[in-house]
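Asks: I'll drop the sequence and a predicted model, then ask my questions.
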Amino acid sequence: MSRGEFAARYERSGCDNRAASQASGGDGGGRERDNPRRLLFTGCFELLHFGHLNALRQTKQCAVDASDVDETTERLANKNWVVAGIHKNADIAKVKGGTCILHENEKERMLLACRFVDEVAHGVPYDAIRPNVYNCDYCIHGDDEVHANGVDIFEHSKKAGTFRSIRRTEGISSTLMIQRFLNRAAGGVAAAEVASLGIAAGDEHRCESGKNELRTCRRALSAACTALQNQRAETAHAEDAAPALHEERNARQFVNVSARRVGKFLHPARSPLGKSIIYVQGVWDIFHVGYVDILMKVREMQVARRGLRFAGDVFVIVGVSGSFCGPALQSSMERAISLLSLELVDDVVFDVVNPIDKTFMNAFRIDTVYAIDNHPDFPADISPGPNIQPPGARVSFDAGGFFSSRTIINRIENCRSLLEERQKNKAEPDLQTASEKLQCNW
């Protein structure tokens, strides 16, 4: 889907008026809302994760001058127009090494689906950043310096007084996400464990022997991955203690989640009153464009089924299945808060363990449950059962052929050696203590 089609579909729904711009600048149809300040946040956006989304959230709610001191976050969000600038994949590989996993158009579509992004700028060089090139007033970035060829890429903006810093999110980064992938060891022992149960590797969600055997398979798969990780850590420790400790840190870091932090991602004005409420349950691990396409499609289906006027007349609740479903790269809370960043999602049920029955549906006033079929990110053992009442309240959606995490995993496996070499030269910066210099915080 082109960026024009993506933006147009949102515009037709009456829910969004965002646009995309080229690297040459242009406001992409911006400044409709009382001449908002244009804030440029640039990034690689590789394996879009909670760290990226939280940075965009902070940018949207950023106080950039003294007049913003007493403003509410909602008012600040209305004053700020966020332009997400995507660095060129070729530049990223040249500066950081390794290779890029996501294509630039995939990054764009995910960013346009984020409710904290108003516009996307393409082809931003991984070099000195000047906000005026993109018709922006300020550059926003985390409190860790970004260097290319030994030079701080925001040096010009800092000297000009147009740079503002935000709080970097602990426990998550593209480097850590890639390390989680590499440590997960999707092949080898894991594949053997799955095969030993008579299920083809990668197709365990199609198990025909029942949910109990499928859960047994997933537990065995998780145990096999854990055992292999422990074995590799012990071997690395025997050879060199320092790399093993570094890998252990990378493998076990996750975002710390509190009620206050979750609250910053809630939709302030979204209400289910008078709307058709639908529910979609999944694992939602590894954020990708397939989730956006599937949620957009089921929302369109509900509009057609109910004869509604706008897509905004549908209130979308997603359920995040817990860790019992098998090994996941992100914690259930990382996945849940990331989903809250999507314009398409109105509410999230955390760590679902209860059956999707009449009690569950009444609790959230759900009128339709969408079961996503034939997609590896929505395994059969967590799919809502066929006996949901009343009749017609359960709707199946065949998502075969939609983008999935399997595509990302295959890309990583195909360039594993390049990524492993890159990881050797990458280190996570220590998180700085929050200071008054930061314009926005957790």
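Replies: Good, I have the coordinates.
Asks: going forward, measure contacts between C-alpha atoms and count neighbours the same way
Replies: OK.
Asks: Check what pLDDT Leu40 gets.
Replies: What the model reports for Leu40 is a pLDDT of 97.
Asks: Relative to the helix or strand hosting it, what are the paired strands and their orientations?
Replies: For Leu40, the host element (DSSP states H and E) is strand 37-43. Using DSSP bridges, strand 37-43 pairs in its sheet with strand 80-87 (parallel), strand 138-142 (parallel).
Asks: deepest of these, which one?
Replies: Most buried of the strands paired with strand 37-43 by mean neighbour count (mean count of other C-alpha atoms under 10 Å) is strand 80-87; its value is a mean of 26.
Asks: Now do the strands in the chain.
Replies: For the chain, the strands defined by DSSP state E occupy 19-21, 37-43, 80-87, 119-124, 138-142, 147-148, 151-152, 163-166, 276-282, 314-321, 347-352, 368-373, 394-398.
Asks: Please state the offset of the third one from the chain centre?
Replies: Spelled out, that is strand 80-87. Mean-position distance between strand 80-87 and its chain equals 16 Å (C-alpha atoms, centre = their mean, to the nearest Å).
Asks: Output stretch 349-363 as PDB, restricted to C-alpha atoms.
Replies: These are the backbone C-alpha positions of stretch 349-363, laid out as PDB (Å, rounded to 0.1, in the frame of the first residue of the first chain):
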ATOM      1  CA  VAL A 349      -6.800  -6.300  27.800                       C
ATOM      2  CA  PHE A 350      -3.500  -7.300  29.400                       C
ATOM      3  CA  ASP A 351      -2.200 -10.800  29.800                       C
ATOM      4  CA  VAL A 352      -5.500 -12.600  28.900                       C
ATOM      5  CA  VAL A 353      -5.900 -15.900  30.700                       C
ATOM      6  CA  ASN A 354      -9.700 -16.200  30.900                       C
ATOM      7  CA  PRO A 355     -11.800 -17.900  28.200                       C
ATOM      8  CA  ILE A 356     -13.600 -15.600  25.700                       C
ATOM      9  CA  ASP A 357     -17.100 -16.400  27.000                       C
ATOM     10  CA  LYS A 358     -20.300 -14.600  27.800                       C
ATOM     11  CA  THR A 359     -18.800 -13.300  31.100                       C
ATOM     12  CA  PHE A 360     -15.800 -11.900  29.300                       C
ATOM     13  CA  MET A 361     -17.900 -10.300  26.500                       C
ATOM     14  CA  ASN A 362     -20.300  -8.700  29.000                       C
ATOM     15  CA  ALA A 363     -17.500  -7.300  31.000                       C
END
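Asks: Show residues contacting that stretch.
Replies: With C-alpha atoms under 8 Å, 6 or more residues apart in numbering as the test, stretch 349-363 has contacts from 317-323, 332-333, 336, 367, 384-385, 388-389.
Asks: Give me the ChimeraX select line for those, limited to the buried ones.
Replies: Buried subset of those, written as a ChimeraX selection, criterion 16 or more other C-alpha atoms under 10 Å:
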select :317,318,319,320,321,322,332,333,336,367,384,388
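Asks: buried ones in stretch 377-390?
Replies: Across stretch 377-390, burial judged by 16+ other C-alpha under 10 Å covers Asp377, Phe378, Pro379, Ala380, Asp381, Ile382, Ser383, Pro384, Ile388.
Asks: which two from the contacts of stretch 349-363 end up farthest apart in space?
Replies: Largest separation among these by C-alpha to C-alpha: Met333 and Gln389, giving 29.3 Å.
Asks: what angle do the strand holding Leu40 and strand 119-124 make?
Replies: 50 degrees (axes from the mean of the first three to the mean of the last three C-alpha atoms, to 10 degrees).
Asks: mind listing what's buried in strand 37-43?
Replies: Buried residues in strand 37-43 (16+ other C-alpha under 10 Å): Arg37, Arg38, Leu39, Leu40, Phe41, Thr42, Gly43.
Asks: Surely the third one is in contact with Trp81?
Replies: Yes. Here Leu39 lies in contact with Trp81, judged by C-alpha atoms under 8 Å, at a distance of 6.0 Å.
Asks: which intervals of this protein have sub-threshold pLDDT?
Replies: Applying pLDDT under 70 to the chain flags the ranges 1-35, 184-253, 268-269, 323-327, 425-442.
Asks: what residues go with each domain of it?
Replies: Segmentation of the chain into domains, based on automatic domain parsing, reads 3-170, 176-253+406-424, 260-398.
Asks: okay if I get the buried residues of strand 37-43 as CSV plus distance to Arg130?
Replies: Below are those laid out as CSV (distance: C-alpha to C-alpha, whole Å):
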residue, distance to Arg130
Arg37, 15
Arg38, 13
Leu39, 12
Leu40, 9
Phe41, 11
Thr42, 11
Gly43, 14
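Asks: quick check, nearest of those to Val345?
Replies: Looking across the buried residues of strand 37-43 and measuring by C-alpha to C-alpha, the closest to Val345 is Phe41, at 22.9 Å.
Asks: Now Thr99: closest residue in space that isn't a chain neighbour?
Replies: Ala93 (5.3 Å; C-alpha to C-alpha, 6 or more residues apart in numbering).
Asks: same deal with Gly385?
Replies: Spatial nearest neighbour of Gly385, excluding adjacent residues (C-alpha to C-alpha, 6+ apart): Ile356 at 7.5 Å.
Asks: give me the number of residues near that neighbour?
Replies: Neighbour count for Ile356, taken as other C-alpha atoms under 10 Å: 19.
Asks: same deal with Leu47?
Replies: For Leu47, using other C-alpha under 10 Å, the count is 21.
Asks: That one: what's its closest spatial neighbour, skipping adjacent residues?
Replies: Leaving aside its sequence neighbours, Leu47 sits nearest to Ser174 (C-alpha to C-alpha, 6+ apart; 6.3 Å).
Asks: list the contacts for that neighbour?
Replies: Phe45, Glu46, Leu47, Leu48, His49 are the contacts of Ser174 under C-alpha under 8 Å, 6+ apart.
Asks: can you tell me how far the second one sits from Val318?
Replies: Going from Glu46 to Val318 by C-alpha to C-alpha, to the nearest Å gives 24 Å.
Asks: ok, the nearest residue to Arg130 once chain neighbours are set aside - contacts?
Replies: Of all residues not flanking Arg130 in the chain, Ser157 sits nearest, at 6.2 Å (C-alpha to C-alpha, 6+ apart). Residues in contact with Ser157, defined by C-alpha under 8 Å, 6+ apart, are Ile129, Arg130, Pro131, Tyr138, Cys139, Phe163.
Asks: picking that back up, indicate which one of the strands paired with strand 37-43 is closest to Phe265.
Replies: strand 80-87 (16.0 Å).
Asks: what sits up against the closest one?
Replies: 30-31, 36-45, 56, 59-62, 104, 107-108, 111, 116-126, 136.
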